[in-house]
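> mind folding the following:
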Amino acid sequence: MSDFRFIAGTAVVAVVAGLASGQCDTNPPFGAVLQNDPGTCGQATLAPDPNGGCNEDPIAYQDLGLINGGATITVAGNVGAFDAVDPATGELAAVRDLDWYIVTVPDNGVLTYTVSGFNETNATNGNFLFVTVENASSLDCSANVFTALTPDCGQDIEFNVTAGQYAFIATVTDFGSVAGIDCTTNYVVDVSYQAAIYDCGDPAQGLCSEANGTPGCDDSVCCELVCAIDSLCCEDAWDDLCAGYTADNCSYFGYSCDNPSNGSGPANPAVANDCVIGSIAAGGAFSYDVPVAGEAALQIAFDTTGCNTDGPEQAQCGSGVGFEQINNDIWFVVNSSENSFLNLSTCNGGALWDTKIAIYNYDPLTFNASALPDLFLGCNEDCGDAAFASELVVEVTADSSYLVRVGGYDATSFGPGTLSVSAIPIPVYNCAPPEDFATFTQNNDLTVDAPGVACAAENFTTENQFARKFLNRPEEQIGCIQFGIYNGGLSQLANLRVYIDRSVGANPQIADFVELDSSPFYVPGGFLGIATVSYGAQLEVPAGSNLVVEYDSPANGSGFSAAGTNTLGESALTYIRSDACGILDYVSYESIGFPNTAWVLSVVTWSDAPAPCPGDFTGDGQINGGDLTLLLASWGTDDPLVDLNGDAIINGGDLTLLLAGWGLCP
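Numbering: from 1, shown residues only. Predicted coordinates:
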């Protein structure tokens, strides 16, 4: 069970579910810096916003300048959703106000935002949403990394910084006014900065979790905390004592497996694989060979009742703040004999309770349970069934072993179930059209140079669907489709779907979709560029069809993923939807504040049909006695199948044309 909010971003967008704001004091204190766009929120028409940030051209941050160590800058304003007239179309556009601020940090240290925001009317026009921006630039938004949450009143958002520019955004979660109530959410943000005391945070210093022989360690925040307890850790050497402080002070993972009933002993004695070390110690009892791709799935029965929790928290599952742990977990070893995608599922009856599934690299010769966070590969919480069960698809390699962890959403989520284990072959496509082919696109340029906009959480992307709709297409045969993708995490198996949309409007209408094809395709990790899906049997598009091409991007627990885009122009809009973010129907990038972001996509068509051969009614490549028999059988009727001259009567005219083409077809 997940709780996500949707925001849009220019480069990488992240959304972290949090707790909704209560009644907050949002009165601006004396000396506060006020928003520089008091007339923007609720304006009658869309116009440049002086602190609209990356949504404006040129970029328009409200610059708070340099913040020195020990200083605090307070900003205040109001945001919200409203309806405005789009000057280009004259139509109402559902929009929201975003106030973008930028601040410059002089050196290493800790930057803290203390945030309060409250919708004064309690109208349902959006929760307050606060977004932090790393790698912020007033000249280039392409490197921005966004993280957002709906904070508690007065919540501190603290993170380690190096010298550079950082930004934050105040806004709301929804678009468009409710009953004419516009922009009623007020906010106050205290920005404070503390300079680093110790020389920390250099990767060359070594890990904080172990003795590294140098003063300090690579995590500057943890390093500062530990050295405040024992300054010798930064002045002399980071030894075992310093590393020992990290478990309690830095939330570093230290493995233990205790009996859940009394806090000691070998965990649940009735479940030998309750602990990861128990699963391994049991030898082959909990080790399974993954079926070869194409074979029936392996079904493994389990029961997590009474089990403890010994694995690390995994925020990448996307369960939201406070639900990072995989509770009451048990463990299995799976062995892959081939390069494929491993499918692990408790969906559709496998478990009737809220599960999570995670997977980790496993080498029996080097395995250390305390290193589990570093061995993590992927996680899934919800597959979309009614029980909130899970399905995880991850790429695996031949002759490799993996640890599979099955647990629950919270401490009350446990019970019996069946884990389905199967392999999916890695699909490979090649677009090789003949000399005579055609391409159609809505992009001015097919260069992919940036990630698109997506619904996501910190280090986690929810499922997203991206679409383009092509109106009133001629009769054609699609040979392949080439489209932009971005994947900042591990490799994935995604789907490209093609539909006929029976609705005539520009927006894709899911209720009117008729599916032509659904093809899985390989999304490599760390990739920005063009993907290809081709069709051995070409897709037949009837004349007059409204064609929709949809990229179904699965949840990604290892990084941000989205459509591959550019800002070079398009002749029709890009659309997005995400059930996890509450977008059940397609909306355009433009409608959520990103009119210049265009998903790159082109469709390649060609015809493999043989040259027409009028009179070859039997389709055997020649006109002969069989065709003559069919024509004579319809003599005197209006049979359209043998009416060669189209005069609605089968007679001598049709016979003359048939005899004129007698023999092999050209």
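> neighbours of Ser256, how many?
13 (other C-beta atoms under 10 Å). The way it works is simple: take the backbone N, C-alpha and C, and place the C-beta from them, glycine included.
> for the stretch 451-600 of the chain, give me the ranges with low pLDDT.
Along the stretch 451-600 of the chain, segments meeting pLDDT under 70 span 457-460.
> which residue ranges of it form strands?
Secondary structure of the stretch 451-600 of the chain by DSSP state E, counting those that start in this stretch: the strands cover 456-457, 460-461, 464-473, 476-487, 492-501, 513-523, 527-541, 545-553, 561-566, 575-578, 583-588, 598-599.
> tilt between the fifth one and strand 476-487?
Taking axes from the mean of the first three to the mean of the last three C-alpha atoms, to 10 degrees, strand 492-501 and strand 476-487 form an angle of 140 degrees between their directions.
> mind checking which of the strands of the stretch 451-600 of the chain is nearest Phe341?
Minimum separation from Phe341 across these (C-beta to C-beta) falls at strand 492-501, 4.7 Å.
> any chance of the strands of the stretch 451-600 of the chain in a markdown table, plus distance to Asn361 and mean neighbour count?
Formatted as a markdown table, the strands of the stretch 451-600 of the chain follow (distance: least, C-beta to C-beta, whole Å; neighbours: other C-beta atoms under 10 Å):
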| stretch | distance to Asn361 | mean neighbour count |
| --- | --- | --- |
| strand 456-457 | 23 | 30 |
| strand 460-461 | 19 | 30 |
| strand 464-473 | 27 | 21 |
| strand 476-487 | 19 | 23 |
| strand 492-501 | 17 | 21 |
| strand 513-523 | 20 | 16 |
| strand 527-541 | 21 | 16 |
| strand 545-553 | 24 | 23 |
| strand 561-566 | 21 | 28 |
| strand 575-578 | 29 | 24 |
| strand 583-588 | 35 | 16 |
| strand 598-599 | 33 | 28 |
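> need those in CSV with distance to Asn51, can you?
Formatted as CSV, the strands of the stretch 451-600 of the chain follow (distance: least, C-beta to C-beta, whole Å):
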stretch, distance to Asn51
strand 456-457, 24
strand 460-461, 28
strand 464-473, 28
strand 476-487, 27
strand 492-501, 36
strand 513-523, 36
strand 527-541, 29
strand 545-553, 31
strand 561-566, 24
strand 575-578, 25
strand 583-588, 24
strand 598-599, 25
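> any idea which of the ones you listed gets closest to Phe323?
strand 456-457 (11.2 Å).
> I figured Pro434 hits Trp606, correct?
Yes: here Pro434 reaches Trp606: they are 5.5 Å apart, a contact under C-beta atoms under 8 Å.
> just list whatever residues bridge to the residue most central in space within the chain.
Nearest to the mean C-alpha position of the chain, counting by C-alpha atoms, centre = their mean, stands Thr461 at 3.3 Å. Beta bridges link Thr461 to Ala456, Asn556 when assigned by DSSP bridges.
> can you check Gly77 too?
Tyr187.
> renumber starting at 25 from here on
Sure, I'll start counting at 25 from here, so that last one is Gly101.
> count of neighbours near it?
By the criterion of other C-beta under 10 Å, Gly101 has 28 neighbours.
> next up, the contacts around it.
58-59, 61-62, 123, 194, 210-211 (C-beta atoms under 8 Å, 6 or more residues apart in numbering).
> ditto for Pro440
Applying C-beta under 8 Å, 6+ apart to Pro440 gives the contacts 325-327, 329, 375.
> returning to that earlier point: settle it for me: which of Pro458 and Trp630 has more neighbours?
Neighbour count, other C-beta under 10 Å: between Pro458 and Trp630, Trp630 has more, with 18 against 9.
> send me stretch 104-112 as CSV with only the CA atoms.
Extracted as CSV, the C-alpha positions of stretch 104-112 are listed here (Å, rounded to 0.1, in the frame of the first residue of the first chain):
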residue,chain,number,x,y,z
GLY,A,104,-2.3,27.3,-4.9
ALA,A,105,-4.2,26.1,-7.9
PHE,A,106,-6.3,28.2,-10.2
ASP,A,107,-7.9,28.3,-13.6
ALA,A,108,-6.4,30.8,-16.2
VAL,A,109,-7.0,31.5,-19.9
ASP,A,110,-4.3,30.1,-22.2
PRO,A,111,-3.5,33.0,-24.6
ALA,A,112,-2.6,30.6,-27.4
